[in-house]
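build the 3D model from these lines:
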Amino acid sequence: MDLFEMENGTESEREKRSQGRDRPLAARMRPVRLEEMAGQDHLLAKGMLLRRAIEADRMGSLILYGPPGCGKTSLAEVIALVTAHHFERASGVLSNVASLRTQLDAARVRLRASHRRTILFIDEIHRFNKAQQDVLLPYVEDGSITLIGATTHNPFFFVNSPLCSRSQIFELHAIDEDSILGLLRRALIHPDGLASLHITADEEALRHLARVCDGDARRALQALEIAALTTPPEPEGGIRITLSATEQSIQKKAIVYDHDEDGHYDTISAFIKSVRGSDPHAAVYWLAKMLVAGEDPRFIARRLIILASEDIGNADPRALTVAVSTLHAVEFVGMPEARIVLAQATTYLATSPKSNASYLAVEAAIKDVETVRTLPVPLPLRGTGYRGAEQLGHVGYRYAHDGEEHFVDQEYAPTSAVYYRPGSSGYEETIQKRMKHWESMRTHPRNIE
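Numbers count the residues shown, from 1 in each chain. Below you'll find the predicted structure:
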């Protein structure tokens, strides 16, 4: 047996995985085929670029970017198996330049001696300093290694530009709840998983783990293993995992909050009504419940934007600016810090003066447009930017800024209907006074009381 056979070993990954039952469940359940990868359909579904490159063995260096437990290491190992490359590991925390050079030089020798390429997987590559990252460049350029770097940080900020430019960057997402659920069910019956314990798990218990693990497959499997190993067998044999057991194993209680059912709709309803009702204490409580239950913070921010116009409107025009800024901040920052931004917006909107005058105005106008004969645009207001407009009678427009106080008495719609009736709260009190003043200057004022 030569050097390269010895260092790669003769065992398959599947054989190695089945040995050592004391290895963590998450390690035993690592996928060995692309079909076993949980989630990441945007990258690994049939026909997707990355999958095509892997299956055709035409893959260059990669940087995999995503949250913890989303499958970065698993994907790197699967790629090594599918492409039959030699697989080496390094760590951005533990490896130094000397150990890195040893691996890189061995990869170059291996390629020349046996024409076998090496995948060098570097976990937490963002932890490497510039000198360490620069060491990789010549080996990536001459093809001695296929680099796969994994990072939870944006590589465009934390990985050297030369490495980024020589690598394809793929963003992995937090694994969706259904995929986590499928992974947990598979672990219960898989021979390398928990099959020997003869476990039955309540559906609500598995769904709780899938929901509160925040898309982290490793965390979900660790919690399932803890629940399995600490739950005493039933009198008739076997182990039953209940919701209570999973709550303790992941140290997070289940919140009654079904994302597509009453728990979801009732809670968001209570949240909106509390903000509308100017109760910041209740509003923050319902916000906290949604966040703990795993609600998408962007959904909450979008609801606040709607509320800022529907229930506050011009009583405090800044409310809409705050709400829109909140959505941008939530998308930029992400959880868990986004909770602070949402709390600030929630308390600001809850304590703002309230008015639904803008909402009532557009609803009334839409009703008229839909049910009453559509009004013609007055001739003076019609477009004049073409030859012949005057012959069609598009004349007589009076420029508002030519009038006293930048106001002229002019008909802008052939109706006396009143749609917008500002209230007396907040800034709308100022708007109300201004509108009354303008009406006093009209020949035929509307009754805006």
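
every contact and neighbour count from this point should use C-alpha atoms.
Fine.

what's in contact with stretch 266-283?
Among residues not part of stretch 266-283, those counted as contacts by Cα atoms under 8 Å, 6 or more residues apart in numbering are 257, 284, 286-287, 289-290, 303-304, 307, 311, 346-347, 349-352, 354.

repeat the analysis, applying 6 Å as the threshold.
Outside of stretch 266-283, the residues within contact range by Cα atoms under 6 Å, 6 or more residues apart in numbering are 286, 347, 350-351.

from the chain's centroid, how far away is that stretch?
Here stretch 266-283 is found 24 Å from its chain centre; the criterion is Cα atoms, centre = their mean, to the nearest Å.

tell me the mean pLDDT for that stretch?
Over the span of stretch 266-283, the pLDDT mean works out to 92.

how about stretch 174-190?
Taken as a whole, stretch 174-190 has a mean pLDDT of 91.

just the ones in helices from the contacts of stretch 266-283, please.
Those of these mapping onto helices are 286, 347, 350, per DSSP state H.

give me the low-pLDDT residue ranges for the stretch 301-449 of the chain?
Within the stretch 301-449 of the chain, the stretches with pLDDT under 70 are 448-449.

next, count neighbours for Pro336.
By the other Cα atoms under 10 Å criterion, the neighbourhood of Pro336 contains 10 residues.

tell me the phi and psi of it?
Backbone dihedrals for Pro336, given as degrees, to the nearest 10, come out at phi -90, psi -10.

Arg51 now?
With angles defined as degrees, to the nearest 10, Arg51 sits at phi -60, psi -40.

wait, it touches Asp41, no?
No: with the criterion set as Cα atoms under 6 Å, Arg51 and Asp41 do not qualify as a contacting pair; they are 9.7 Å apart.

do a quick rundown of the strands in the stretch 151-300 of the chain.
Counting by DSSP state E, counting those that start in this stretch, the segments of the stretch 151-300 of the chain that form strands are 168-171, 199-201, 239-241.

pLDDT (mean, whole number) over the first one?
Averaging the model's pLDDT scores along strand 168-171 yields 90.

and the closest residue to Leu100 other than its chain neighbours, how many neighbours?
Leaving out its chain neighbours, the residue that sits closest to Leu100 by Cα to Cα, 6 or more residues apart in numbering is Ala90, at 7.4 Å. Other residues within reach of Ala90 by the criterion other Cα under 10 Å amount to 18.

one more: Arg240?
When counting by other Cα under 10 Å, one arrives at 17 neighbours for Arg240.

please, which helix or strand holds the residue nearest to Leu100?
strand 86-91 (DSSP states H and E).

for that strand, what is the distance to the chain centroid?
Chain-centre distance of strand 86-91: 30 Å, with Cα atoms, centre = their mean.

which ones are touching the residue nearest to Gln248 when sequence neighbours are not counted?
Across the structure, with Cα to Cα, 6+ apart as the measure, the residue nearest Gln248 apart from its sequence neighbours is Ala227 (7.8 Å). With contact taken as Cα under 6 Å, 6+ apart, Ala227 is in contact with 245-246, 249.

from Arg219, how far out is Ala227?
Note on Ala227: its distance to Arg219, by Cα to Cα, to the nearest Å, is 12 Å.

okay, now Leu163: neighbour count?
Counted with other Cα under 10 Å, residues neighbouring Leu163 total 22.

picking up where we left off before, the residue nearest to Leu100 touches Ile122, doesn't it?
Yes: judged on Cα under 6 Å, Ala90 makes contact with Ile122 at a distance of 4.7 Å.

still on that earlier bit, what's the distance between the residue nearest to Leu100 and Ile119?
Using Cα to Cα, we find Ala90 at a distance of 11 Å from Ile119.

also Ala106?
As judged by Cα to Cα, Ala106 and Ile119 stand 12 Å apart.

same check on Ala345?
Distance check for Ala345 against Ile119: by Cα to Cα, it reads 47 Å.

which residues are contacting the longest helix seen in the chain?
When every helix of the chain is counted residue by residue (DSSP H), the longest turns out to be helix 97-114. With contact meaning Cα under 6 Å, 6+ apart, helix 97-114 is reached by 117-118, 132, 144.

what do you get if the cut-off is 10 Å, keeping everything else the same?
Taking contacts as Cα atoms under 10 Å, 6 or more residues apart in numbering, the residues outside helix 97-114 that touch it are 3-4, 86-91, 115-120, 128-129, 131-136, 138-140, 142-146.

of those, grab the buried ones for ChimeraX.
Here is the ChimeraX selection string for the buried members of those, based on 16 or more other Cα atoms under 10 Å:
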select :86,87,88,89,90,91,116,117,118,119,120,128,132,133,136,139,140,143,144,145,146
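
so of the contacts of helix 97-114, which ones are in helices?
3-4, 131-136, 138-140.

quick one: those as CSV, columns for distance to Glu337 and pLDDT too.
Conversion of these to CSV gives the following (distance: Cα to Cα, whole Å; pLDDT from 0 to 100):
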residue, distance to Glu337, pLDDT
Leu3, 50, 36
Phe4, 48, 37
Ala131, 32, 82
Gln132, 31, 84
Gln133, 30, 88
Asp134, 33, 88
Val135, 35, 89
Leu136, 34, 91
Pro138, 39, 90
Tyr139, 39, 90
Val140, 37, 90
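
distance of the closest residue to Ala319 other than its chain neighbours from Ile300?
Of all residues beyond its chain neighbours, the one nearest Ala319 is Ala308 (5.5 Å), with distances taken as Cα to Cα, 6+ apart. Using Cα to Cα, one gets 12 Å for the distance from Ala308 to Ile300.
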